[in-house]
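Engineer: Quick one, what's the 3D model for this:
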Amino acid sequence: MAEIVVLGAGLSGTLMAYELAPKLRKGDRLSVIGQGSRYHFVPSNPWVAVGWREKSDIEIDLDEVMRRKGIRHFTQGARRAHPAENRIELEDGSSIDYDYLVIATGPELAFDEVPGLGPDGHTQSVCHVDHALKARAAFERFVENPGPIIVGAAQGASCFGPAYEFAFILDTELRKRRIRDRVPMTFVTSEPYVGHLGLDGVGDTKGLLESEMRDRHIKWITNAKVKTVEAGKMTVEEVGDDGAVVRTHELPFAYSMMLPAFRGVTAVRGIEGLTNPRGFILTDKTQRNPAFPNIFAVGVGVAIPPVTVTPVPTGVPKTGFMIESMVTATAINIVALLRGETATAQATWNAVCLADFGDSGIAFVAQPEIPPRNVNWSSKGAWVHYAKVAFEKFFLRKIRLGESEPFYERFVLEKLGIRKIKQAS
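Structural biologist: Residues are numbered from 1 along each chain as shown. A predicted model of the protein is given here:
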């Protein structure tokens, strides 16, 4: 019988475990390694940061769910993977052996690559629920003495949606508090244009997002490289198409949230044949690592080349729907290998995103995520906000129940449907 280990218990790791568990043979054993026992719904972090959600609203105790599903759950975290030995070393010094490993760790947040960036520096983050709680406390202090706000994504970032969401959510909250007129806002991004999203745009995301920023009086700087962040001041280099610095901005701020670049986690980074230079897991079309064929990878930790070369480095986002397709393909492939068959299933890598703006939002569908696409569509409206609220409730309920169905596909394609989305717009 086989030992299957899932390294990581975030979005991709939890979905991976749920989907694998009912497919395994009698006698196979499934283990999940996470950091702590609590699952948090990361897309809700911008709401936590302005007080629209509490931490308890978006967290689930995975210990109880995993136990109910017959999955071993290790919460001490992983110190290092040893793929040549088919072994994971845990933080407490113990080890877990495996026949098949699925790496679903997500990323490490590279705040240290920009001096002064991050929760331990002078900017806030919504990448983790604890960061969002700190951002909320800082925001409450800010509203007592308002000033300029900077929101955006640093060079090398690959997840831009939450930056746009948070800028517009802040705008909505500031208007509710009747102090928006006292707060100049600037969006700073490494993207070559507003709405690029690391995907060279989807539908008319450029026009839709630029229009939204104009309507909300948010200025922007694109092709931006954050040089340093000091208390109350961000130095930003604006780069031309040739990569040369064309202008240096010294931007004052009283509050800032900047998304960092991602890299692979310490447990896997630097293992030859397993990762690229940034520490992301190398995979083939079946989500399988070429050097270690009993290792698969899903989620944000997977290495995907940039869609286009940009003057300032930008990465490719991995959306929930895309991650879900990686999980399904990986589950099919591991089960095939256990039966002595060939692993041939491939992920679709489609992207469906609901970006909430507090009182409206933008939805986009990219099928596949990497151009050229069969579907390349985006739309704006208040319905997106309500759809995202509904999805949060739907998703958390399914995680709490331990259900293994494809959540994103069912909610977006069955409950809303691409045709229904277009009609709603």
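Engineer: Helices of the stretch 301-425 of the chain, residue ranges please.
Structural biologist: Using DSSP state H, counting those that start in this stretch, the helices found in the stretch 301-425 of the chain span residues 320-338, 382-401, 407-408, 418-424.
Engineer: Tabulate these (JSON lines), appending distance to Arg72 and mean neighbour count.
Structural biologist: Glycine gets a C-beta too; all of them are placed from N, C-alpha and C. Shown next, in JSON lines, are those (distance: least, CB to CB, whole Å; neighbours: other CB atoms under 10 Å):
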{"stretch": "helix 320-338", "distance to Arg72": "17", "mean neighbour count": "23"}
{"stretch": "helix 382-401", "distance to Arg72": "18", "mean neighbour count": "17"}
{"stretch": "helix 407-408", "distance to Arg72": "23", "mean neighbour count": "21"}
{"stretch": "helix 418-424", "distance to Arg72": "39", "mean neighbour count": "14"}
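Engineer: Helices along the stretch 151-300 of the chain, start to end?
Structural biologist: With DSSP H, counting those that start in this stretch as the criterion, the stretch 151-300 of the chain has helices spanning 161-176, 205-215.
Engineer: Would you state the strands of the stretch 151-300 of the chain in chain order?
Structural biologist: According to DSSP state E, counting those that start in this stretch, the stretch 151-300 of the chain carries its strands in the segments 185-189, 218-221, 224-230, 233-239, 245-252, 255-259, 262-263, 295-297.
Engineer: Comparing those strands, which comes out most buried?
Structural biologist: Ranked by mean neighbour count, the strands of the stretch 151-300 of the chain are led by strand 295-297 with a mean of 29 (mean count of other CB atoms under 10 Å).
Engineer: Show me where the chain dips below the pLDDT cut-off.
Structural biologist: Where the chain drops to pLDDT under 70, the residues are 409-410, 412-425.
Engineer: Quickly list the domain ranges of it.
Structural biologist: In the domain annotation for the chain, the residue ranges read 3-42+59-108+263-347, 111-261 (automatic domain parsing).
Engineer: Quick one: closest of those to Trp52.
Structural biologist: In terms of CB to CB, the element of the domains of the chain nearest to Trp52 is domain 111-261, at 7.9 Å.
Engineer: what separates the closest one from the chain centre, distance-wise?
Structural biologist: Distance of domain 111-261 from its chain centroid, counting by CA atoms, centre = their mean, to the nearest Å, is 17 Å.
Engineer: re the thing from before, out of the domains of the chain, the one nearest Phe364 is which?
Structural biologist: Across the domains of the chain, Phe364 has its closest neighbour in domain 111-261 (4.1 Å, CB to CB).
Engineer: Now do that closest one: distance from first to last residue.
Structural biologist: Chord length of domain 111-261, first to last residue, is 7 Å (CA to CA, to the nearest Å).
Engineer: What of stretch 257-264?
Structural biologist: 22 Å.
Engineer: same question, stretch 35-46
Structural biologist: End-to-end distance (CA to CA), stretch 35-46: 22 Å.
Engineer: count of neighbours near the nearest residue to Asp171 once chain neighbours are set aside?
Structural biologist: Excluding its sequence neighbours, the residue lying closest to Asp171 (CB to CB, 6 or more residues apart in numbering) is Arg216, at 4.8 Å. For Arg216, the neighbour count with other CB atoms under 10 Å is 17.
Engineer: Tell me the spacing between Arg216 and Arg180.
Structural biologist: As defined by CB to CB, to the nearest Å, Arg216 lies at a distance of 9 Å from Arg180.
Engineer: do the same with Ile218
Structural biologist: Using CB to CB, we find Ile218 at a distance of 11 Å from Arg180.
Engineer: now do Leu197
Structural biologist: 25 Å.
Engineer: Between these two, tell me which one has more neighbours.
Structural biologist: For Leu197 versus Arg180, the count of surrounding residues by other CB under 10 Å is larger for Leu197: 32 against 17.
Engineer: hang on, that one packs against Cys159?
Structural biologist: No. Assessed by CB atoms under 8 Å, Leu197 is found out of contact with Cys159, at 9.2 Å.
Engineer: got any residues that touch both of those two?
Structural biologist: Taking CB atoms under 8 Å, 6 or more residues apart in numbering as the criterion, Leu197 and Cys159 both touch Pro317.
Engineer: Do I have it right that Phe407 meets Phe321?
Structural biologist: No. Phe407 lies out of contact with Phe321 (CB under 8 Å); the separation is 9.2 Å.
Engineer: ok, Val126 - contacts?
Structural biologist: Here Val126 is in contact with Asn45, Pro46, Val48, Ala49, Ala132, Ala135, Pro162, Phe166, Met257, Leu259 (CB under 8 Å, 6+ apart).
Engineer: 10 Å instead, please
Structural biologist: When contacts are counted by CB atoms under 10 Å, 6 or more residues apart in numbering, Val126 touches 42-50, 132, 135-136, 151, 162-163, 165-166, 169, 257, 259.
Engineer: what does Ala132 give?
Structural biologist: By CB under 10 Å, 6+ apart, the residues touching Ala132 are 40, 42, 44-50, 53, 55, 58, 119, 124-126, 166, 257.
Engineer: count of residues packed around Pro293?
Structural biologist: Applying other CB under 10 Å, we find 13 residues neighbouring Pro293.
Engineer: Pretty sure it sits against Ile334.
Structural biologist: No. Counting by CB atoms under 10 Å, Pro293 does not reach Ile334; the two are 11.5 Å apart.
Engineer: Find the residues that touch each one of the two.
Structural biologist: Going by CB under 10 Å, 6+ apart, residues that sit against Pro293 and also against Ile334 are Tyr100, Ala343.
Engineer: And the helix or strand Leu30 falls within, what's buried?
Structural biologist: Per DSSP states H and E, Leu30 falls inside strand 29-33. Within strand 29-33, the residues that qualify as buried are Leu30, Ser31, Val32, Ile33, counting by 16 or more other CB atoms under 10 Å.
Engineer: so how far is Met16 from the last one?
Structural biologist: Here the distance between Ile33 and Met16 works out to 12 Å (CB to CB).
Engineer: again with the third one
Structural biologist: Taken as CB to CB, the spacing of Val32 relative to Met16 amounts to 8 Å.
Engineer: what touches both of those two?
Structural biologist: Ile4, Val6, Leu7, Gly8, Ala9, Val102, Ala104.
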